[in-house]
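# Quick one, fold the following:
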Amino acid sequence: MSHEMNERILKVIEKNSRLTAEEIAIMLGLETDDVVHALKDMEERKIICGYHTLVNWDKANDDEVSAVIELKVNPQRGAGFDKIAERVYQFPEVDAVYLMSGAYDLLVEMRKAPMKDIASFVARRLSTIEEVQSTATHFILKRYKDHGTLFVDEDKDKRMVVSP
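Predicted coordinates for the structure are as follows:
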């Protein structure tokens, strides 16, 4: 299986993971068996790590918020940022953790919790980790686009009204 074929398959399922292997094969002009084997191989090699549903929680009338938290940390001798990141991603409240370049070291994503719960988590769990120098919490007010999907109503007329 070629790297190019795998990349083409990944680009298709990244946009819609509900497609069948047969549908992917038709879209890409491939044999269904080749797609099935490629998907299985990429799952076994952890290139494909899971299949998720993207939910627009704002339309579900949910009062919970999402947040991203910047962490500045002191890296541990011999382990760098890995041990600290592992400690952070073990918390069930944490959705994702990224090592970043720039003004801070780790970016922590938290999704769907009451604002006071996120504030409490930062104060009681993250800030108490010895290696954490500082935190900055940013609440997500509105999603416009996520994972390539627009969260705005495209059918609304965006033209300005001009009166004579």
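
# Wait, Leu71 touches Val88, no?
Yes - using Cβ atoms under 8 Å, Leu71 is in contact with Val88, at 7.4 Å. Glycine gets a C-beta too; all of them are placed from N, C-alpha and C.

# overlap in contacts of the two?
In terms of Cβ atoms under 8 Å, 6 or more residues apart in numbering, Leu71 and Val88 are both contacted by the residues Leu106, Val108, Leu126.

# What about those residues, which one has the most neighbours?
Counting neighbours by other Cβ atoms under 10 Å, Val108 comes out on top of the shared contacts of Leu71 and Val88 with 24 neighbours.

# partners of it in the sheet?
Counting by DSSP bridges, Val108 forms beta bridges with Ile69, Val97.

# you'd agree Ser134 is in a helix?
No - counting by DSSP: H, G, I helix; E, B strand; the rest coil, Ser134 is not found in a helix; it is strand.

# quick one: it and Leu71, what's the gap?
Going from Ser134 to Leu71 by Cβ to Cβ, to the nearest Å gives 8 Å.

# So for the two, which sits in the more crowded spot?
Higher neighbour count among Ser134 and Leu71: Leu71, with 25 against 10, using other Cβ under 10 Å.

# So the spatially most central residue of the chain versus Leu107, what's the distance?
In the chain, the centroid-proximal residue (Cα atoms, centre = their mean) is Ala96; its distance is 6.7 Å. Ala96 is 8 Å from Leu107, where distance means Cβ to Cβ.

# if we can go back for a sec, can you put the shared contacts of Leu71 and Val88 in CSV and add pLDDT and distance to Leu30?
Output for the shared contacts of Leu71 and Val88, formatted as CSV (pLDDT from 0 to 100; distance: Cβ to Cβ, whole Å):
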residue, pLDDT, distance to Leu30
Leu106, 97, 39
Val108, 97, 39
Leu126, 95, 46
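
# Check the secondary structure at Arg18 for me.
At Arg18 the chain is in coil, as set by three-state DSSP.
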